[in-house]
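Participant: Based on what follows, work out the 3D shape:
(one chain, ligands or ions: 1)
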Amino acid sequence: MMISQKMNAKLSDQVAAEFYASHKYLAMSCAFDRMGLRILAQRFLKQADEERGHALKIVGFLRDVGGAVTLEAVDKPRADYGSVEEVVQAALDSELDITRRINELVTQAEGEKDYATRSFLQWFVDEQVEEVSTMTDLLNLVQLAGPNVLQVEAALRHQMLAAKD
Ligand code: OFO
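Facilitator: Numbering: from 1, shown residues only. Coordinates of the predicted model:
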């Protein structure tokens with residue numbers, strides 16, 4: 001095995017954290033569906049897929065370095081959201097938590113002079129910058145719109161159409 005037992009265990013924990021993030025985004029997507037907010041629901045469903053992809057990326061790395069993949073149970077995500085802002089704030093908190101975890105993994109890899117894991121983790125460092133920024137923008141948009149939640153849907157629809165061009 002190319003990585004330490006400790007690094008292997010910490011990466012396995014991160015697999016669980018990414019699956020949990022995916023589960024949370026799916027629950028948030030369902031909450032938006034219940035509120036009749038289809039664009040937000042779609043956007044968060046896509047994010048749930050991306051988080052699953054992150055978990056699989058780490059599984060792939062563990063395989064490549066001859067590590068052991070241990071899957072943990074995924075906790076039940078929160079579902080009792082009362083407003084759009086609550087959901088988006090919870091998503092931002094989750095991204096900040098994942099960022100903290102990724103930074104801890106980097107510290108561990110650097111401490112062990114494990115350059116393979118350090119290099120692998122850079123993609124996650126960059127991804128978290130993008131995700132925290134995107135979720136912060138969305139929270140700002142939601143707060144600006146206040147009770148006019150449909151303005152958020154309209155702005156997101158506009159962004160999605162612009163991204164397709
Ligand atoms: Fe897995 O990227 Fe955000 O949380």
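Participant: just the helices in this structure please.
Facilitator: Taking DSSP state H as the criterion, the chain contains helices spanning 5-34, 38-64, 84-111, 115-145, 149-164.
Participant: what would those helices look like in TSV with distance to the ligand and mean neighbour count?
Facilitator: Quick note: C-beta positions are derived from backbone N, CA and C, even for glycine. Below are the helices of the chain laid out as TSV (distance: least, Cβ to the nearest ligand atom, whole Å; neighbours: other Cβ atoms under 10 Å):
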stretch	distance to the ligand	mean neighbour count
helix 5-34	4	20
helix 38-64	4	17
helix 84-111	4	17
helix 115-145	4	16
helix 149-164	18	13
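Participant: Pick out the shakiest of these, pLDDT-wise.
Facilitator: For the helices of the chain, the weakest mean pLDDT is recorded on helix 149-164, namely a mean of 91.
Participant: coming back round to it: using TSV, please lay out the helices of the chain together with distance to Leu71.
Facilitator: Putting the helices of the chain into TSV (distance: least, Cβ to Cβ, whole Å) gives the following:
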stretch	distance to Leu71
helix 5-34	7
helix 38-64	9
helix 84-111	17
helix 115-145	19
helix 149-164	33
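Participant: Of those, which is nearest Asp75?
Facilitator: helix 5-34 (5.8 Å; Cβ to Cβ).
Participant: Run through the neighbouring helices and strands of the closest one.
Facilitator: Under the contact definition 3 or more Cβ pairs under 8 Å, 6 or more residues apart in numbering; DSSP states H and E, helix 5-34 sits against helix 38-64, helix 84-111.
Participant: Would you pull up how far the first one lies from the middle of the chain?
Facilitator: What separates the centre of helix 38-64 from the centre of its chain is 7 Å, taken as Cα atoms, centre = their mean, to the nearest Å.
Participant: just stretch 118-136 next, same as before
Facilitator: With Cα atoms, centre = their mean as the basis, stretch 118-136 stands 9 Å off its chain's centre.
Participant: got a list of contacts for that stretch?
Facilitator: Outside of stretch 118-136, the residues that reach it under the criterion Cβ atoms under 8 Å, 6 or more residues apart in numbering are 54, 57, 61, 88, 91-92, 95-96, 98-99, 102-103, 105-106, 109-110.
Participant: Out of these, which is nearest to Met28?
Facilitator: Distance to Met28, by Cβ to Cβ, is smallest for Ala91 among the contacts of stretch 118-136, at 6.2 Å.
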